[in-house]
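>>> Kindly generate the corresponding structure for this input.
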Amino acid sequence: TVVFGLTKANKRVGAIVDFSRRLAAPPRRPSSGFTTHAVCATAGPMSRAAIAVAVANQKGGVGKTTTSVNLAASLATAERRTLLVDTDPQANASSGVGFRPGSQEVGLYDALAGRVALAEAAIATEVPGLDVVVADQDLVGVELEIIDAEDRAIRLRKALDTVRDRYDYIIVDCPPSLGL
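Have a look, this model is predicted:
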């Protein structure tokens, strides 16, 4: 696992472009003063599987969604097959790429609840090469629905593993919470 950081808000746009260029570069240690961190994980050094980047911070309003949407769009514009996964029930990443909350029949909730495969929940956006798995308010209750499942803590990872061979990058926009 490699940890990258993004600079403070006034330098965020430049950092996103620089960050997208560094994804394939050797790991660097984050310096102090970073407000949002992204965790980057690959399946192995010779793997053709997607690089997964989770943009997370416990605090709200620090630019997680903006970073996720811009990073995903930048990678897709650079002709990298990219999947944006919106895990925040507010669904701002989904609306940021053109999908109103509740406008799609299937989304991340359905994939985590085991109703559909994640590949079925991925929807093409207007940006060529960029797909999105939308979120909606139902995600609030998915933790309670899968509370007894033994794999509840790794269900998202297992779902992402099923589509890793279809994408170069998977960007996960995380909610500001400590839940599953």
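>>> what residues are up against the closest residue to residue 56 other than its chain neighbours?
With sequence-adjacent residues excluded and distances taken as Cβ to Cβ, 6 or more residues apart in numbering, residue 56 is closest to residue 174, at 3.9 Å. Glycine gets a C-beta too; all of them are placed from N, C-alpha and C. With Cβ atoms under 8 Å, 6 or more residues apart in numbering as the criterion, the residues that contact residue 174 are 54-57, 64, 87-88.
>>> Redo the residues you listed as a markdown table? Include pLDDT and secondary structure.
Output for the contacts of residue 174, formatted as a markdown table (pLDDT from 0 to 100; DSSP: H, G, I helix; E, B strand; the rest coil):
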| residue | pLDDT | secondary structure |
| --- | --- | --- |
| 54 | 93 | strand |
| 55 | 94 | strand |
| 56 | 90 | strand |
| 57 | 89 | coil |
| 64 | 93 | helix |
| 87 | 90 | coil |
| 88 | 89 | coil |
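>>> with these in mind, which one is nearest to residue 132?
Set against residue 132, the nearest of those by Cβ to Cβ is residue 87 (11.7 Å).
>>> Now the residue of the chain positioned farthest from its centre, what are its backbone angles?
Within the chain, residue 148 marks the point farthest from the mean C-alpha position, 25.2 Å out by Cα atoms, centre = their mean. With angles defined as degrees, to the nearest 10, residue 148 sits at phi -90, psi -10.
>>> Next: residue 85.
Backbone torsions for residue 85, taken as degrees, to the nearest 10, come to phi -110, psi 120.
>>> tally of neighbours for it?
Applying the criterion other Cβ atoms under 10 Å, we find 30 residues in the vicinity of residue 85.
>>> Any idea what it is bridged to?
On DSSP bridges, the residues paired with residue 85 through beta bridges are residue 133, residue 172.
>>> In this structure it contacts residue 107, no?
No - at 9.9 Å, residue 85 and residue 107 do not qualify as touching, with contact defined as Cβ atoms under 8 Å.
>>> anything in contact with each of those two?
residue 133.
>>> can you tell me how far the residue farthest from the centre of the chain sits from residue 116?
Between residue 148 and residue 116 the distance is 20 Å, computed by Cβ to Cβ, to the nearest Å.
>>> go on, residue 168?
Distance, residue 168 to residue 116, by Cβ to Cβ: 23 Å.
>>> neighbour-wise, which of the two wins?
Under the criterion of other Cβ under 10 Å, the comparison of residue 168 against residue 116 puts residue 168 first, with 20 against 16.
>>> Could you pull up the residues touching that one?
Taking Cβ under 8 Å, 6+ apart, we find residue 168 in contact with 50-51, 75, 80-82.
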